[in-house]
Every structure is written in structure tokens, then in C-alpha cells.
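Trainee: generate a structure from the sequence data that follows.
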Amino acid sequence: MAIELHAWGTPNGRKISVALEEMGLPYTVHPVNISKGEQFNPAFLKISPNNRIPAIVDPDGPGGQPISVFESGAILLYLGEKTGKFWPKGDLRAQVPVLEWLMWQMGGFGPMPGQVHHFLMVKDENDRRYGLERYSKETHRLYGVFDKRLGEVKYAAGSAVSIADFAILGWAWRHERHQVDLNDYPNVKRWYDELMARPATKRGMEISLG
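Mentor: Numbers count the residues shown, from 1 in each chain. From the prediction side, this is the model:
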């Protein structure tokens, strides 16, 4: 049975549509229009109590019983464990770099550029200037960290594409909105162009999430 993807067309939503396409899992999209406050609907809160997208409902969960999962990082780990794809199942040593770079994205390369998005829309010039300076600097630092990493390995966790790449790609997809030129980070640009050329990733990026 198809997995329900409750999402909107945001970086965090795209992480999951890309992963589902790459893993070959059937799914249906259930748009949650965050601009209209649909993330606060009681039905959505039952599967995502933090009123954030994305969330999934897998009717064929563990033991054949339905399960819901919220938080994009948790969803990626669940899907990787479920399918054994893009996640080194049963290999703790190989899992460590996947977890490191997944948590790097969740803790930094998401919250920081997200603040850039916010301050770009602030009307007060003084508030906007301070916020943009602070968070743009940190966003560029994070791009630099990842660029260095990709100068040493092909993908975030090493030689193979993993769920960490899908997580990071969701936010790198918005690099223009971050006011970041990928030409300044050539290793990131190489990685980004390669992933975006993958047919399944392309489908995940292009499917309508509402």
C-alpha cells in the first residue's frame, strides 16, 4: 500500500519526496498548506504533534501495522531502515557518518539558512541588516564545511549516496534564496549537479507537493 506523504513544497518536504522516489516506494501526496495554517488542523496534529511538515503514514508499518512518523530526519531513518536503501543497515561503523551528516543538516544546515529566509522578509532595515549579517555568515560557514567534506569524499557519508545527501539536498536546493552562489563552493556544486541529474531525485523535486 502507498505511503501517505503529508507535506508542502519546502526544503523539508522535498527531502522526503526525493527519498521516496529514490527508494522506489509508492506514495500519495497529501498537501498541507502551511500558508493557510493547515498544519494546525487536528487531523494533522495527530500525526505531527509539533505542527510541522513533513509527516508520513505508512499503512504497512512494522508488523504489518500502520505507523505515522514526523520530523524529516526521523522519516529518512525510518525509510532507510524499512527498505535497506541509502542506509547501511546493520553496519554501525558505516552508519556513523550518515548520522553525523544527517544531524549536521538537522541542527545547522536548515535552521541557519531558514533564518536567512526569514530576515530577507523583515521590513525594519536595522533588524533585517543584523539578522542577515549573522545568519548569512553562518550559512556560508556551513557551505564551506560541506565543501571541504566533499573535497575528501564523493558524497556526504562517503562513497555512496545516503539519506544524509537527501536531507542536505533539500536545503541546498534553495541556495539562490540563501543568496549563495554554488560556484563559490565547487565541491558542493559538483555534488549538487550530480544529484539533481538523477532521474528519481528529479522526480522528487518536481512532483507537486501543493
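Trainee: which parts of the longest helix anywhere in the chain are buried?
Mentor: Longest helix in the chain by number of residues, with DSSP state H as the criterion: helix 125-150. Neighbour-count burial for helix 125-150 flags 131-132, 135-136, 138-140, 142-143, 146-147, 149-150 (criterion: 16 or more other Cβ atoms under 10 Å). Every C-beta, even on glycine, is put in place using the N, C-alpha and C of the backbone.
Trainee: name the helices or strands packed onto the lowest-mean-pLDDT helix or strand in the chain?
Mentor: One helix or strand of the chain scores below all others by mean pLDDT, DSSP states H and E: helix 111-120, with a mean of 91. Using 3 or more Cβ pairs under 8 Å, 6 or more residues apart in numbering; DSSP states H and E as the contact test, the elements touching helix 111-120 are helix 125-150.
Trainee: run the chain-centre distance for the longest helix of the chain.
Mentor: Using Cα atoms, centre = their mean, to the nearest Å, the mean C-alpha position of helix 125-150 is found 18 Å from that of the whole chain.
Trainee: just the helices in the protein please.
Mentor: With DSSP H as the criterion, the chain has helices spanning 11-23, 42-45, 72-83, 92-107, 111-120, 125-150, 163-172, 186-196, 199-206.
Trainee: state the number of residues packed around G114.
Mentor: 17 (other Cβ atoms under 10 Å).
Trainee: gap between it and N12?
Mentor: Noted for G114: a distance of 9 Å to N12, by Cβ to Cβ, to the nearest Å.
Trainee: domain map for the protein?
Mentor: 3-87+201-206, 92-198 (automatic domain parsing).
Trainee: thinking again about what came up before, can you name the residues in contact with the least confident helix or strand of the chain?
Mentor: 127-128, 131-132, 134-136, 138-139, 142, 171, 174, 177-179 (Cβ atoms under 8 Å, 6 or more residues apart in numbering).
Trainee: could you list the low-pLDDT ranges of this protein?
Mentor: Along the chain, the model assigns pLDDT under 70 to no residue.
Trainee: distance check, the nearest residue to P11 once chain neighbours are set aside against A94.
Mentor: Nearest non-adjacent residue to P11, counting by Cβ to Cβ, 6 or more residues apart in numbering: G170, 4.0 Å away. Noted for G170: a distance of 22 Å to A94, by Cβ to Cβ.
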